[in-house]
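>>> Provide a 3D model corresponding to the input given below.
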Amino acid sequence: MRDIRVEGIQRTEAGTVFSYLPLRVGDRYEPERGVAAIRALYATGLFKDVRLEVDGDVLVVIVDERPAIASVELNGAKEFDKDQVKKSLREVGLAEARIFDRALLERAEQELKRQYLARGRYSAQVTTTVTPVERNRVNIVINVEEGEAASIRTISFTGNKAFSESTLRQQLELSTPTWFTWYTKRDQYARQKLQGDLETLRSFYLNRGYLDFNVESTQVSISPDREDIHITMNLSEGERYSVSEVKLAGELLGLEAELRRLVDVKPGETFNAERLNTISKRITDRFAMLGYAFATANPIPEANRDKREVSFTILVDPGRRAYVRRVNITGNTRTRDEIIRREVRQFESGWFDSEKVRLSRDRIDRLGYFEKVEVETPAVPGTLDQVDINFNIKERPTGSIQAGAGYSSTEKLVLQGSYSQQNVFGTGQAISLEINTSRATRTLAVTHVDPYVTLDGISRSIEVFDRKSDLARLGLGSVDLATRGGTVRFGVPFTEFDTVFFGIGYEGTKIGLTQFSPLTYVDYVNLFGEKTDALIASVGWSRDSRDNLLVPTRGRYQRLFGEVGTPALDLQFYRLTYQFQQFLPVTNRFTLAFNTEAGYGDGYDGKAYPIFKNFYAGGIGSVRGYDGGSLGPRQLLSDGSAGSSLGGNRRFNFSLEGLLPLPGADRTLRALTFIDGGQVWGRDDKLSFSDLRYSAGFGIAWVSPIGPLKLSYAYPLKNQPGDRLQRFQFQIGTGF
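Predicted coordinates for the structure are as follows:
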């Protein structure tokens with residue numbers, strides 16, 4: 001051949017065609033080599049037709065190019081994220097500038113239909129349009145008509161004898177329509193949800209002794225109009241078994257007596273798979289605390305079907321003791337690495353300890369800088385005795401500059417301007433400048449907190465403040481209070497959970513009276529004067545084992561704090577407060593929270609207790625359903641009726657809350673139910689818990705982008721004549 005000529009190409013370079021041809025100028029053309037050339041060009045995927053012709057001593061390669069994709073448009077897809085769908089199409093070759101392949105488009109169309117069917121949208125229609133444009137290109141348009149998701153009309157069971165259909169339906173995520181399913185979507189069928197429900201049903205039976213339980217089959221039928229779905233589950237319950245014996249076997253490393261105490265299943269008890277798995281986890285956790293990161297404890301059943309009994313041998317294999325190669329931290333784009341690492345208690349090159357890993361995770365989460373903290377302990381590839389500790393975090397905004405307004409049911413409109421940063425430049429230090437003004441209070445405060453003044457973890461906080469309060473607008477008496485001062489306080493940790501505090505501060509307080517001021521304030525001013533100064537020493541202790549600072553789900557918090565007005569200046573008093581919180585995870589999502597607070601104050605060395613240091617109760621933060629600060633002693637008016645609240649030197653209140661994160665929302669958005677109780681007593685009142693006021697209700701709590709928000713609707717219980725009630729209460733834009 002003297003030459004090779006290519007015809008029909010528009011976008012493809014001639015050199016590309018020549019590179020795939022097994023023929024060169026000067027070669028002798030033979031039919032076999034021509035067939036090989038055609039196959040090679042077809043294999044590129046660039047051409048839909050290839051022909052070879054001979055013109056004298058010139059080989060002519062005639063090609064018909066496949067069109068390129070000019071654009072891909074997706075319309076009507078709301079069930080799925082449009083960008084994610086386009087990304088999936090791009091990964092299979094349907095994207096701009098790619099070669100168009102109709103077979104790929106048809107497969108993508110069928111896959112999209114299959115995904116809609118899996119979501120219960122049986123009436124979904126997917127159509128594709130391919131439009132040729134200039135320069136041998138095509139526009140692809142995928143139109144989707146999603147239709148309505150099919151709703152589950154019936155869920156029925158066959159073969160169930162031990163439990164009723166209503167009991168079994170309560171275990172399922174899928175549900176027939178209820179008044180709330182418009183939000184939860186539980187009445188919309190999805191194959192994945194059904195598989196999850198089958199596993200839930202299996203666990204339900206296994207936890208109640210039915211060792212031979214099995215789901216024989218499931219039938220899912222759809223109505224002719226494709227709007228109603230009917231689900232039938234065919235069950236084989238089998239017999240109920242009791243446990244005859246639980247034995248330990250394998251390498252117990254001399255810990256048999258200790259491990260035996262972890263086995264809390266007694267012979268004769270009904271078999272419970274969950275309890276048995278819990279025992280296995282306890283055993284592996286105990287070995288993990290000793291460095292055996294790969295320990296296993298597998299229960300091996302041996303059933304006696306005649307006696308309906310089952311015995312278990314827990315085969316323990318500790319594996320090799322592991323040590324930590326590296327501690328890796330990812331996701332901290334703002335917070336410095338050392339700020340996180342100083343909270344880690346599992347060290348590199350040390351023996352692996354699962355308890356230290358858990359403690360490290362909790363300490364990092366308690367910083368309050370992160371939305372999410374996850375920990376993984378993968379084995380190091382190619383080794384048998386090494387693991388890495390990977391902390392994967394997601395940071396949340398910890399700083400804000402605000403100039404806006406908030407509202408609370410107690411203080412009404414609150415105009416606020418503030419700058420706060422809980423993690424300044426990623427150093428872990430906090431600084432805030434706060435300017436708040438409302439009908440009742442005005443605040444100017446500057447605070448700086450350094451949690452690690454020393455390498456040992458001693459913290460220091462410094463605050464300077466100027467606060468003014470119009471108690472009349474708070475319903476606490478016709479009095480103006482103005483307080484200026486500052487404090488410095490240090491915290492010294494002496495265990496992983498315990499910290500002691502001590503500090504010193506100055507407060508100068510001025511009391512402004514009117515002709516309507518309560519006599520208690522008048523008497524106090526007559527005794528001490530309108531202006532008093534105090535040098536206040538403080539000391540305290542806290543113990544915090546909560547798993548998270550913002551939304552704890554387990555753990556305990558205690559705080560004992562006392563302040564004393566020293567004899568150096570006018571006021572000589574002491575004030576003690578104690579707070580106790582307990583968080584119990586009832587389920588994976590539902591948390592039970594208990595909080596109680598007690599306070600007591602008095603003067604010493606013959607001096608009176610400062611009335612402006614009184615405790616108050618009522619409203620959000622103490623007893624919801626009662627007006628803020630309204631409980632306890634009241635001013636006695638000339639007509640004998642009760643006027644403004646005066647507070648008291650003794651206080652007790654408690655709260656029991658059930659917290660449940662709302663599905664599909666930020667984990668800080670939680671629904672809650674509660675029972676509150678509390679009261680305040682004056683110096684001359686007899687302390688009696690029969691005086692307590694109670695309330696019950698429900699609400700919502702959320703750490704929103706504009707500040708903490710809490711709403712509650714309470715039903716006051718045991719209220720007395722004269723109590724100021726306020727069923728609906730909320731705060732937004734200010735702390736609570």
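>>> any low-confidence regions in the stretch 601-736 of the chain?
Residues of the stretch 601-736 of the chain meeting the criterion pLDDT under 70: 635-644, 664-666, 704-708, 731-736.
>>> Tell me where it has strands.
Ranges of strands in the stretch 601-736 of the chain, per DSSP state E, counting those that start in this stretch, are 625-626, 634-636, 642-645, 650-661, 670-681, 693-704, 707-717, 725-726, 728-732.
>>> same deal with the stretch 301-450 of the chain?
With strands called from DSSP E, counting those that start in this stretch, the stretch 301-450 of the chain shows them at 309-317, 323-330, 370-376, 386-395, 399-408, 412-421, 430-438, 441-450.
>>> Lowest mean pLDDT across the ones you listed, which one is that?
Note on the strands of the stretch 301-450 of the chain: strand 399-408 shows the lowest mean pLDDT, a mean of 47.
>>> Quick check: which ranges of the protein have low pLDDT?
Applying pLDDT under 70 to the chain picks out residues 1, 398-419, 436-441, 470-478, 635-644, 664-666, 704-708, 731-736.
>>> Looking at the strands of the stretch 601-736 of the chain, which is nearest to residue 610?
Proximity to residue 610 (C-beta to C-beta) singles out strand 650-661 among the strands of the stretch 601-736 of the chain, at 14.7 Å. Heads up, the C-betas are built off the backbone N, CA and C, glycines and all.
>>> Now do the buried residues in the closest one.
For strand 650-661, burial by neighbour count (16 or more other C-beta atoms under 10 Å) applies to 650, 651, 652, 653, 654, 655, 656, 657, 658, 659, 661.
>>> how far is that strand from where the chain is centred?
Relative to the centre of its chain, strand 650-661 is centred 21 Å away, using C-alpha atoms, centre = their mean, to the nearest Å.
>>> Packing partners of it?
Counting contacts by 3 or more C-beta pairs under 8 Å, 6 or more residues apart in numbering; DSSP states H and E, strand 650-661 is packed against strand 591-603, strand 670-681.
>>> Save those strands as TSV, and put in mean neighbour count and distance to residue 207 too.
Converted to TSV, the helices and strands packed on strand 650-661 look like this (neighbours: other C-beta atoms under 10 Å; distance: least, C-beta to C-beta, whole Å):
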stretch	mean neighbour count	distance to residue 207
strand 591-603	18	21
strand 670-681	21	27
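>>> okay, the ones you listed in JSON lines with distance to residue 141 next?
Converted to JSON lines, the helices and strands packed on strand 650-661 look like this (distance: least, C-beta to C-beta, whole Å):
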{"stretch": "strand 591-603", "distance to residue 141": "49"}
{"stretch": "strand 670-681", "distance to residue 141": "43"}
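>>> Among those, which comes closest to residue 40?
strand 670-681 (64.5 Å).
>>> how about the CA coordinates for the closest one, as CSV?
Extracted C-alpha coordinates of strand 670-681, given in CSV (Å, rounded to 0.1, in the frame of the first residue of the first chain):
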residue,chain,number,x,y,z
ARG,A,670,-35.2,16.8,70.4
ALA,A,671,-38.8,16.3,71.5
LEU,A,672,-39.2,16.0,75.3
THR,A,673,-41.8,15.2,77.9
PHE,A,674,-41.2,16.2,81.5
ILE,A,675,-42.3,16.3,85.2
ASP,A,676,-41.0,19.2,87.2
GLY,A,677,-41.1,20.0,90.9
GLY,A,678,-39.7,22.7,93.1
GLN,A,679,-40.1,25.5,95.6
VAL,A,680,-38.3,28.4,97.4
TRP,A,681,-38.4,29.1,101.1
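>>> Counting neighbours, what do you get for residue 306?
6 (other C-beta atoms under 10 Å).
>>> Look up how far residue 254 lies from it.
38 Å (C-beta to C-beta, to the nearest Å).
>>> follow-up on the earlier one: closest to residue 619 out of the helices and strands packed on strand 650-661?
Closest among the helices and strands packed on strand 650-661, using C-beta to C-beta: strand 670-681, at 10.0 Å.
>>> Quick one: the helices in the chain, in order.
Along the chain, counting by DSSP state H, helices occupy 14-20, 31-43, 82-91, 102-118, 165-170, 181-184, 191-206, 256-262, 273-289, 337-341, 354-366, 519-528.
>>> now these in JSON lines, with distance to residue 672?
Below are these laid out as JSON lines (distance: least, C-beta to C-beta, whole Å):
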{"stretch": "helix 14-20", "distance to residue 672": "67"}
{"stretch": "helix 31-43", "distance to residue 672": "65"}
{"stretch": "helix 82-91", "distance to residue 672": "34"}
{"stretch": "helix 102-118", "distance to residue 672": "35"}
{"stretch": "helix 165-170", "distance to residue 672": "23"}
{"stretch": "helix 181-184", "distance to residue 672": "17"}
{"stretch": "helix 191-206", "distance to residue 672": "26"}
{"stretch": "helix 256-262", "distance to residue 672": "35"}
{"stretch": "helix 273-289", "distance to residue 672": "27"}
{"stretch": "helix 337-341", "distance to residue 672": "31"}
{"stretch": "helix 354-366", "distance to residue 672": "21"}
{"stretch": "helix 519-528", "distance to residue 672": "36"}
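>>> Out of those, which is the most enclosed?
Mean neighbours per residue, mean count of other C-beta atoms under 10 Å, is largest over the helices of the chain for helix 354-366, with a mean of 20.
>>> With adjacent residues omitted, what lies nearest to the residue located most distally from the centre of the chain?
Distance from the C-alpha centroid of the chain, by C-alpha atoms, centre = their mean, peaks at residue 56 (77.7 Å). Nearest residue to residue 56, sequence neighbours excluded (C-beta to C-beta, 6 or more residues apart in numbering): residue 2, at 8.0 Å.
>>> just residue 385 next, same as before
residue 320 (4.5 Å).
>>> these two touch, right, the one you found and residue 387?
No. Applying C-beta atoms under 8 Å as the test, residue 320 and residue 387 come out as separate, 11.0 Å apart.
>>> on that earlier part again, can you tell me which of the strands of the stretch 601-736 of the chain is nearest to residue 335?
Residue 335 lies closest, by C-beta to C-beta, to one member of these: strand 693-704, at 18.3 Å.
>>> hmm, back to that, right, so of the helices and strands packed on strand 650-661, which gets closest to residue 479?
Of all the helices and strands packed on strand 650-661, it is strand 670-681 that lies closest to residue 479, at 17.2 Å by C-beta to C-beta.
>>> what's the spacing between the closest one and its chain's center?
Here the centre of strand 670-681 is set off from its chain's centre by 23 Å, with C-alpha atoms, centre = their mean.
>>> now do stretch 365-383
15 Å.
>>> What lies in contact with that stretch?
293-294, 322, 325, 335, 339-340, 343, 352, 354, 357-358, 360-361, 364, 386-396, 398, 422-423, 428, 544, 546-550, 667 (C-beta atoms under 8 Å, 6 or more residues apart in numbering).
>>> buried sites along that stretch?
So for stretch 365-383, counting by 16+ other C-beta under 10 Å, buried means 365, 366, 367, 369, 370, 373, 375, 377.
>>> Against residue 532, how distant is the second one?
Same thing as residue 366. 38 Å.
>>> what's the closest of the buried residues of strand 650-661 to residue 132?
Nearest to residue 132 among the buried residues of strand 650-661 is residue 661, at 52.1 Å by C-beta to C-beta.
>>> what bridges to the closest one?
residue 670 (DSSP bridges).
>>> and the gap between it and residue 655?
For residue 661, the distance to residue 655 (C-beta to C-beta) stands at 19 Å.
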